[in-house]
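Asker: Provided below are the primary sequence and the corresponding predicted coordinates.
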Amino acid sequence: MIIDEKEAISKVDEDTLLIVVDTHKKSLVQMPELLEKTKKIVVIDHHRKSTDFIDNAALTLHEVYASSAAELVTEIIQYTDAEVILSDIEIEALYGGIMVDTKNFTFKTGVRTFEAAAYLRKFGVDIIKVKKWFQSDLESYNVIAEIVKKTEIINNSIGISIYDKEDKNATVICAKAADELLTISDITASFVIGNTGDKICISGRSIGNINVQIIMEKLGGGGHITLAGAQLEGLTLEEAKDELINRINEYFSETVE
């Protein structure tokens, strides 16, 4: 089902349809060359529109109030005239996508979110199987617990921590640690900084009072009000932390104004 970049380029011809999901920014697609070589492009996204957007799409479905790109794709399948038969992995992937972006149907959910989930449920999605995808092994959980333990609180309610080990999976670890920080009372937003080896990654989470999307956009990233991230180059972990705090303070000064 998944091919590598070299094979993808070799398959492009006049009739190729390229569908970009979960981003509308040229700089965030996995393979920007495909955007240049493909004439027919469809964009399906739910992030707030920003600069560097794909401007040569034949069709754009851009709905910022949707919980996830998976919700939008499910709606397309649900309401199309053509009969679409989904395989188990496709159903599970769509349901898992909604689960991830809504934090198990807690954040950014609307009537349409539950309608999409119900539609997938009718196909017989195995909810327990999907939930197991997101379980952490004991070693990873201990790493996350250590990150949480080292958290520094700023502005009374924002938790910031650093995952100081160079790890290619740092993005995943940081995201899980940021999620975990939000389970602590009095923390309304969390940021965890890590090092993938190539870049410094930051995962931001919020219960809704603080717009982490705006803060991450100031660092060149993006996302949603409650879930966002950024990647920085040429900085150490401590420098990235200082830059993050500066941007948080900038955000609050603008909010007060």
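Answerer: Now that the structure is in, tell me what you want to look at.
Asker: what kind of secondary structure is residue 162 in?
Answerer: For residue 162, the secondary-structure state derived from DSSP: H, G, I helix; E, B strand; the rest coil is strand.
Asker: That one contacts residue 150, correct?
Answerer: Yes. Applying Cβ atoms under 8 Å as the test, residue 162 and residue 150 come out as touching, 6.9 Å apart. Just so you know, the C-beta spots here come from the backbone N, C-alpha and C atoms, and that holds for glycine as well.
Asker: Quick check on those two: which one has the bigger neighbour count.
Answerer: Shown here are residue 162 and residue 150; by other Cβ atoms under 10 Å, residue 162 has more neighbours (21 against 13).
Asker: List the contacts of the more buried one.
Answerer: The neighbourhood of residue 162, defined by Cβ atoms under 8 Å, 6 or more residues apart in numbering, consists of 147, 150, 192-194, 237-238, 241.
Asker: Buried ones among those residues?
Answerer: Neighbour counting over the contacts of residue 162 (16 or more other Cβ atoms under 10 Å) leaves 147, 192-194, 237, 241 as the buried ones.
Asker: Make sure residue 119 is indeed in a helix.
Answerer: Yes. Counting by three-state DSSP, residue 119 is found in a helix.
Asker: Quick one: residues contacting it.
Answerer: Neighbours of residue 119 in contact, by Cβ under 8 Å, 6+ apart: 74, 78.
Asker: do you know how far it is from residue 78?
Answerer: 5 Å (Cβ to Cβ, to the nearest Å).
Asker: can you name the two of the contacts of residue 162 that are farthest apart?
Answerer: Farthest apart among these by Cβ to Cβ are 147 and 238. That separation is 15.4 Å.
Asker: Can you show me the helices along the stretch 151-257 of the chain?
Answerer: Using DSSP state H, counting those that start in this stretch, the helices found in the stretch 151-257 of the chain span residues 170-181, 212-217, 237-256.
Asker: can I get the ones you listed in TSV with distance to residue 71?
Answerer: Below are these laid out as TSV (distance: least, Cβ to Cβ, whole Å):
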stretch	distance to residue 71
helix 170-181	19
helix 212-217	18
helix 237-256	28
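Asker: Reformat these as CSV; add mean pLDDT and distance to residue 13.
Answerer: Putting those into CSV (pLDDT from 0 to 100; distance: least, Cβ to Cβ, whole Å) gives the following:
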stretch, mean pLDDT, distance to residue 13
helix 170-181, 94, 34
helix 212-217, 92, 37
helix 237-256, 92, 43
